[in-house]
Structure formats: C-alpha cells, structure tokens
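1. I'd like to go over a predicted model; first the sequence, then the structure.
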Amino acid sequence: MEILACPKCQSDTIVKSGVIKDKQRYLCKSCNYYFTVNKLGKKIDDYYVTKALQLYLEGLSFREIERILGVSHVSISNWVKEFKIKKPPHPNYHPTYKIFNHLELVEFLKHKEKLSGAGMIITELGDKFMLIKWERFKD
C-alpha cells in the first residue's frame, strides 16, 4: 500500500521513517506528524470494518474473523453493537469457509459436484478470495 498524503494535513511530502511492530512508519515533512499504514489515528480502515461485518452475517464467529482479517475480536464485537447488526438464525445449516488465491478458486469452481448444496458466497479478501458455503447439519 502506497501512502499518498498525510492523514493530519493532507500534504504529499511524505518520507519513510523506520518500522514499528512490523509496520512501515512515515513522517510528514510539512507538519512533522508520524503515522503508519491502514490506520487513521485510532480508526481502522473501513474495508476491514465492512468485511468483518459481512463475515459475521455469514455466520463466522468473532474469533474466526479475527484470525482471517487480523483485527481484534473485541473491535469486531464493538462494531456489531455499534451498527446494531443482528445475525439471522440458521438452525439447520452451518457455514464452512475456504480461502483461495485466484487460480485455486477457478479450479474449485470447475467441479459442479462441489457447487451443489444449501448455498455459497464468494467475497474478496485482500488479494485472495473467501468462499463460504452453508451445509446442512447431519442428524
């Protein structure tokens, strides 16, 4: 991800200024503000909020979403409360998911027998794709 402007003053006079906790740190030469990627102050990029809420509605737990997106399960829980998200009941089905790169997804979709079932959704997940499929509980 390339940083184009300072989140504080929107200046484009940005230089790299070290690495902290495996994240590139930047310095704005105009206002001397230090910042890292994907965060604007304490706010997480809206892409991750949207993906987390989508995955929650698809039936994944907070901890599963945390492992997939790398966002705290506490943050996800707070977003669900903040946006008043109610998960629809799925009494006879449970979701399973797989994460594919583009070529793996194309190969998976070639097999019709893998596509039958209760339903499925494919969503972009950064540079990969997540396939969520609902399967009936076996009695």
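-> Alright, I've got the coordinates. Numbers count the residues shown, from 1 in each chain.

2. for the chain, what spans make up the strands?
-> Using DSSP state E, the strands assigned to the chain run over residues 14-20, 23-28, 34-36, 39-40, 43-44, 93-100, 119-125, 128-136.

3. how many degrees apart are the second one and strand 14-20 in direction?
-> It refers to strand 23-28. 140 degrees (axes from the mean of the first three to the mean of the last three C-alpha atoms, to 10 degrees).

4. Quickly list the domain ranges of this structure.
-> Domain assignment for the chain by automatic domain parsing gives 1-41, 44-136.

5. which one of the strands of the chain lies closest to E82?
-> When the strands of the chain are compared by C-beta to C-beta, strand 43-44 sits nearest E82, at 12.4 Å. (Glycine included, C-beta is placed from N, CA and C.)

6. in its sheet, what does that closest one sit against?
-> Strand 43-44 pairs in its sheet with strand 39-40 (antiparallel), by DSSP bridges.

7. hmm, back to that, quick one, which of the strands of the chain is nearest to K8?
-> Nearest to K8, of all the strands of the chain, is strand 23-28, at 6.6 Å by C-beta to C-beta.

8. elements contacting the lengthiest helix in the chain?
-> Using DSSP state H, we find that the single longest helix of the chain is helix 46-57. Counting contacts by 3 or more C-beta pairs under 8 Å, 6 or more residues apart in numbering; DSSP states H and E, helix 46-57 packs against helix 62-69, helix 73-82, strand 119-125.

9. what mean pLDDT would you report for the longest one?
-> The reference is to helix 73-82. If you average the pLDDT over helix 73-82, you get 94.

10. cool, the first one as well?
-> Mean per-residue pLDDT for helix 62-69: 89.

11. and it, how far from the chain's centre?
-> On the basis of C-alpha atoms, centre = their mean, to the nearest Å, helix 62-69 sits 9 Å off its chain's mean C-alpha point.

12. Looking at the helices and strands packed on helix 46-57, which is nearest to S30?
-> Closest to S30 of those is helix 73-82 (C-beta to C-beta; 30.8 Å).

13. Could I get the buried residue list for the longest helix of the chain?
-> Neighbour-count burial for helix 46-57, counted by 16 or more other C-beta atoms under 10 Å, picks out 48-49, 51-56.
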